[in-house]
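**Q** Give the three-dimensional model of this entry:
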Amino acid sequence: MRVTGGKVKGTRLKTLPRHSIRPTTSVVRQAIFSLLENRPTNWHHVLDLYAGSGALGIEALSRRAEWVDFVDNRKSCCDLIRTNLEKIGKLQQAHIYCCSVNKALAFLNSSYDIIFIDPPYSNLSTNNLLINLAKSNLLGENSTIVLCHANRFPLNSDYDGLHIVKQRRYGDTFIFIYQKEV
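**A** Okay, here's the model as predicted:
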């Protein structure tokens, strides 16, 4: 898997064997960043939930993000993210939280410009996560949430001030972009 754009474009990222994580494909990552680059979104502070290899947050750092917080509950993924950040020379612009997403949401207290959510497709809690995020202090004015989802479980178009603004399909992956409007 390679970084698809920005300063470290083409850098090969390490990943775990396919049976242990579902990495976001390069086509989907390119589509996500194409959609983001055509929106008036700040890139200062980014949160990558269910980070896996860290590919989405690393893409953001490669392009123009100033800081990324990564969250994954698997130590093997946290170690992998650290290795990938060291490889691109961006370890000083990131923090890795090796804990569950719910635990991270309980203690994180800054607002984020972009939040990536790429849970396992079998995850049933995506609706609850969006409800909790919409009510949290993690979203500031005009925050953007990018959700990769299998569309096996229906999602709402609105979550307490979060409104869906774009939806795209790439194979079995759906990209939903929600915007926080205050």
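
**Q** And the helices in this protein, which stretches?
**A** Per DSSP state H, the chain carries helices over the ranges 26-37, 55-63, 75-88, 101-107, 126-135.

**Q** Would you tell me which of the ones you listed gets closest to Arg2?
**A** Nearest to Arg2 among these is helix 26-37 (6.7 Å), distances taken as Cβ to Cβ. Where you see a C-beta, it was placed from the backbone N, CA and C, and this is true even at glycine.

**Q** Can you point out the buried residues in the closest one?
**A** 28-29, 31-33, 35-36 (16 or more other Cβ atoms under 10 Å).

**Q** Flag the shaky bits of the protein, pLDDT-wise.
**A** Confidence mapping of the chain against pLDDT under 70 gives the ranges 18-23, 40, 151, 182.

**Q** which residues does the residue positioned nearest the centre of it bridge with?
**A** Centroid check for the chain by Cα atoms, centre = their mean gives Phe116 as the closest residue, at 2.0 Å. Following DSSP bridges, Phe116 is listed with bridge partners Asp48, Val146.

**Q** Would you confirm that it contacts Gly57?
**A** Yes. Counting by Cβ atoms under 8 Å, Phe116 does reach Gly57; the two are 6.7 Å apart.

**Q** tell me, what's touching those two both at once?
**A** Applying Cβ atoms under 8 Å, 6 or more residues apart in numbering, one finds that Phe116 and Gly57 are jointly contacted by 46, 48, 51.

**Q** Closest one to Arg169 out of those, please.
**A** Using Cβ to Cβ, these come closest to Arg169 at Asp48, 21.9 Å.

**Q** who's in contact with the closest one?
**A** Counting by Cβ under 8 Å, 6+ apart, Asp48 touches 54, 56-57, 60, 68-71, 116, 118.

**Q** Mind picking the one among these that's closest to Gly5?
**A** Among those, Ala60 lies closest to Gly5 (Cβ to Cβ), at 10.1 Å.

**Q** how about stretch 102-118 as CSV, C-alpha atoms only?
**A** Extracted in CSV, the C-alpha atoms of stretch 102-118 (Å, rounded to 0.1, in the frame of the first residue of the first chain):
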residue,chain,number,x,y,z
ASN,A,102,-15.3,4.8,22.9
LYS,A,103,-12.6,5.2,25.5
ALA,A,104,-10.8,7.8,23.3
LEU,A,105,-14.0,9.8,22.9
ALA,A,106,-14.4,10.0,26.7
PHE,A,107,-11.0,11.7,27.2
LEU,A,108,-10.2,13.5,23.9
ASN,A,109,-11.1,17.2,24.4
SER,A,110,-10.0,19.2,21.4
SER,A,111,-12.1,19.9,18.4
TYR,A,112,-11.1,18.4,15.0
ASP,A,113,-11.4,19.8,11.5
ILE,A,114,-11.6,16.3,9.9
ILE,A,115,-12.5,13.0,11.6
PHE,A,116,-11.9,9.8,9.6
ILE,A,117,-14.1,6.8,10.7
ASP,A,118,-13.2,3.5,9.0
